[in-house]
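Peer 1: Generate coordinates for the sequence data below:
(one chain, ligands or ions: 2)
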Amino acid sequence: MDWIDLSTIKIKKVYRRLLFNRCFICYSKSPFPLCEHCQLGFQINSPSCQRCQIPLNATDLLCGQCQTSPPLYQECIAPYRFEGIMKNLIHRIKFQQENHFIRPITFLLSKHLIDFYSGKTWPEQVIYVPSHPDRIRERGFCQTQIMTTHLIQYINELSGDTLLSNSHSNQIRKNINTHAQHTLTKKERQKSPINTYEVIHPISQHVALFDDVMTTGSTINACCRLLQKHGAKKIDIWTLARTPDHENKLDNTPLN
Ligand SMILES: [Zn+2]
Ligand SMILES: [Zn+2]
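Peer 2: Ligands and ions are numbered 1, 2, ... in the order given. Predicted structure coming up:
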């Protein structure tokens, strides 16, 4: 890969959007990062479990897991399924460093969050599930950190209010570089130890926990246990996309 060419292509793409108000995907004129036509191409996550939002075949149901062992969080906002264009864009961000696609997908989630919190109280803190420093060095960036920054920016812009503030440092960090998730079975993923993550700043009572993709929920649950231990009373999960439960055969992609 010629890095000079790559960065030139990326700069051109970002400038095209910034200077000419164009959709990040199809480049048609649009006041938003995604035109209305492209917004319709994302697979909505419905029907899904009322609690954990795992895709189901019927509406108004709780999945088996939530019936026997409810998750530690109170709300889960997961408006899209990890398939089609959403999956493609997330892969391109993570594995081809096409960071400009972070804007359109975080824009989509911000619109859903504004609808969801209409008449409700917003969390006091937005915490993201961080990658391990070694993974950040390999990739060159932590995608959940950049996504959270854009998410907060869009929520404040679209609502015309400073509903959320962007803290300079995340409240948790990842200490153990766990195996790439796709190499683990569902059982192994669910054994994710609590000390994989560590709290480094005070935790508010009502927090949002953001991760780009939610699969079995084991990472989310490990983080929730930790946040509760450090004072969180209400945790809302924010995620761009939810995968179906494939038992032991999960998506062929490292998700963290
Ligand atoms: Zn478009
Ligand atoms: Zn469920």
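
Peer 1: For the rest of this, base every contact and every neighbour count on C-alpha atoms.
Peer 2: Fine.

Peer 1: what's the residue closest to the geometric middle of the protein?
Peer 2: Asp212 (2.2 Å; CA atoms, centre = their mean).

Peer 1: what kind of secondary structure is it in?
Peer 2: Here Asp212 is recorded as strand under DSSP: H, G, I helix; E, B strand; the rest coil.

Peer 1: Begin at 44, not 1, for the rest of this chat.
Peer 2: With 44 as the first residue, the last one maps to Asp255.

Peer 1: Spit out the contact partners of it.
Peer 2: Counting by CA atoms under 8 Å, 6 or more residues apart in numbering, Asp255 touches 187, 190, 282-284.

Peer 1: what bits of the stretch 194-299 of the chain have low per-residue confidence?
Peer 2: Along the stretch 194-299 of the chain, the parts satisfying pLDDT under 70 run over 222-237, 288-299.

Peer 1: Counting neighbours, which bits of stretch 72-90 end up buried?
Peer 2: 73, 75-78, 81, 85-89 (16 or more other CA atoms under 10 Å).

Peer 1: Oops, could you answer that again for stretch 98-111 instead?
Peer 2: For stretch 98-111, by 16+ other CA under 10 Å, it's 98-99, 104-106.

Peer 1: cool, stretch 186-196 as well?
Peer 2: Judged by neighbour count (16+ other CA under 10 Å), stretch 186-196 contains these buried residues: 186-188, 190-196.

Peer 1: Which of those fall in helices?
Peer 2: Those of those mapping onto helices are 186-188, 190-196, per DSSP state H.

Peer 1: Using TSV, lay out those residues together with distance to Gln168.
Peer 2: Output for those, formatted as TSV (distance: CA to CA, whole Å):
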residue	distance to Gln168
Gln186	18
Thr187	15
Gln188	14
Met190	15
Thr191	11
Thr192	12
His193	15
Leu194	13
Ile195	11
Gln196	14
